[in-house]
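[1] Structural data only, the sequence is not supplied:
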Ligand SMILES: Nc1ncnc2c1ncn2[C@@H]1O[C@H](COP(=O)(O)OP(=O)(O)OP(=O)(O)O)[C@@H](O)[C@H]1O
């Protein structure tokens, strides 16, 4: 087995007087998709933000074998740790091409890959991003990080609020992205988890309540019901 790309050990975060993460420990494999799951408010986004150094945290985070907790966010991003936040954050008044250009960090951004994965964005290069659909904006958000070399993608709820057909195409693109670079994926849609994830981690009340193969979790009706509040057949379509 290859070494994990990310090791989170005893991660603890306090925000606004609350102990949000209470010793979160898990590994992210160096290939494929690892899903970070849990009910609303259990600390999934907080975990991503702590890994990225956006909020103060205690414990350990090893990225590609190197301890990085306390390192500045921009240095982690420069070292190939990419973040696609939940709110997409496109510049609404700028065109698709301008949004992409602003994200360039290297002399030779990989437009070939972006145009291969997102032909629609090439066609809509001159359209203002604020007039794109939610799914298209999500594509811009993912495309932006793919222009630069990455070693791990942290992706927060990419399918949230999207229509079912759009969810399918966003999931398909993420599947293709994950063939190239490992992904830690926060996702509520279990059909997407079922399609993409190899491994799964479930948070509950600021701790890891379950971790293992995604198929084992989703195949266990009692576990999915008690940990995620849904039946095991949820999202099977
Ligand atoms: N800056 C903050 N100050 C105080 N509390 C916060 C702050 N940020 C998040 N929290 C709280 O921490 C808890 C975890 O939030 P977080 O966004 O990580 O959950 P989540 O699992 O991503 O939820 P969701 O699935 O609803 O997006 C929540 O109770 C939230 O209200």
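    Good, I have the coordinates. In this text the structure is predicted, and so the values were computed from the model without any measurement.
[2] How are the helices of the chain distributed by residue range?
    Here the chain has its helices, by DSSP state H, at 44-51, 73-78, 96-103, 111-117, 119-123, 134-146, 164-178, 190-196, 214-218, 221-228.
[3] Can you lay out those helices as TSV showing distance to residue 8 and mean neighbour count?
    Placement of C-beta: from N, CA and C, glycine included. Below are the helices of the chain laid out as TSV (distance: least, Cβ to Cβ, whole Å; neighbours: other Cβ atoms under 10 Å):
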stretch	distance to residue 8	mean neighbour count
helix 44-51	7	23
helix 73-78	14	14
helix 96-103	26	18
helix 111-117	28	16
helix 119-123	33	14
helix 134-146	20	22
helix 164-178	19	17
helix 190-196	19	21
helix 214-218	18	20
helix 221-228	18	16
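[4] between those helices, which gets nearest to the ligand?
    Ranking the helices of the chain by distance to the ligand, with Cβ to the nearest ligand atom as the measure, places helix 44-51 first at 3.3 Å.
[5] quick one: that closest one to chain centroid distance?
    Relative to the centre of its chain, helix 44-51 is centred 10 Å away, using Cα atoms, centre = their mean, to the nearest Å.
[6] Also stretch 67-75?
    For stretch 67-75, the distance to the chain centre is 18 Å (Cα atoms, centre = their mean).
[7] So what's the model's average confidence on it?
    Stretch 67-75 shows a mean pLDDT of 94.
[8] same question, stretch 10-26
    What stretch 10-26 shows for mean pLDDT is 95.
[9] what's the answer for stretch 160-168, then?
    Average pLDDT, stretch 160-168: 89.
[10] now swap in stretch 144-152 and tell me
    Per-residue scores along stretch 144-152 average to 95.
[11] Ends of that stretch, what's the gap?
    14 Å (Cα to Cα, to the nearest Å).
[12] Pull up the residues of this protein that are close to the ligand.
    With Cβ under 6 Å from any ligand atom as the criterion, the chain comes near the ligand at residues 15, 16, 18, 20, 38, 40, 41, 42, 43, 44, 45, 46.
[13] tell me the two of those residues that are most distant?
    Farthest-apart pair in the residues of the chain next to the ligand is 16 and 38; separation 19.3 Å (Cβ to Cβ).
[14] quick one: the closest residue to residue 115 other than its chain neighbours from residue 191, how far?
    Excluding the flanking residues, the one nearest residue 115 by Cβ to Cβ, 6 or more residues apart in numbering is residue 122, at 4.6 Å. Distance of residue 122 to residue 191, given as Cβ to Cβ, to the nearest Å: 28 Å.
[15] Could I get the pLDDT score of residue 2?
    Note on residue 2: pLDDT of 81.
[16] And residue 235, by the same measure?
    For residue 235, the model assigns a pLDDT of 46.
[17] what's around residue 156, how many residues?
    A count of nearby residues for residue 156, using other Cβ atoms under 10 Å, gives 22.
[18] isn't it right up against residue 85?
    Yes - the pair residue 156 / residue 85 is scored as a contact, 5.5 Å apart, by Cβ atoms under 8 Å.
[19] where does this protein have low pLDDT?
    1, 231-237 (pLDDT under 70).
[20] Nearest spatial neighbour of the spatially most central residue of it, chain-adjacent residues omitted?
    In the chain, the C-alpha nearest the mean C-alpha coordinate belongs to residue 155, at 1.5 Å (Cα atoms, centre = their mean). The shortest distance from residue 155 to any non-neighbouring residue, by Cβ to Cβ, 6+ apart, is to residue 84 (4.5 Å).
[21] Stretch 28-45: end-to-end distance?
    From its first residue to its last, stretch 28-45 covers 16 Å (Cα to Cα).
[22] Tell me the gap between it and the middle of its chain.
    From the chain centre to the centre of stretch 28-45 is a distance of 8 Å (Cα atoms, centre = their mean).
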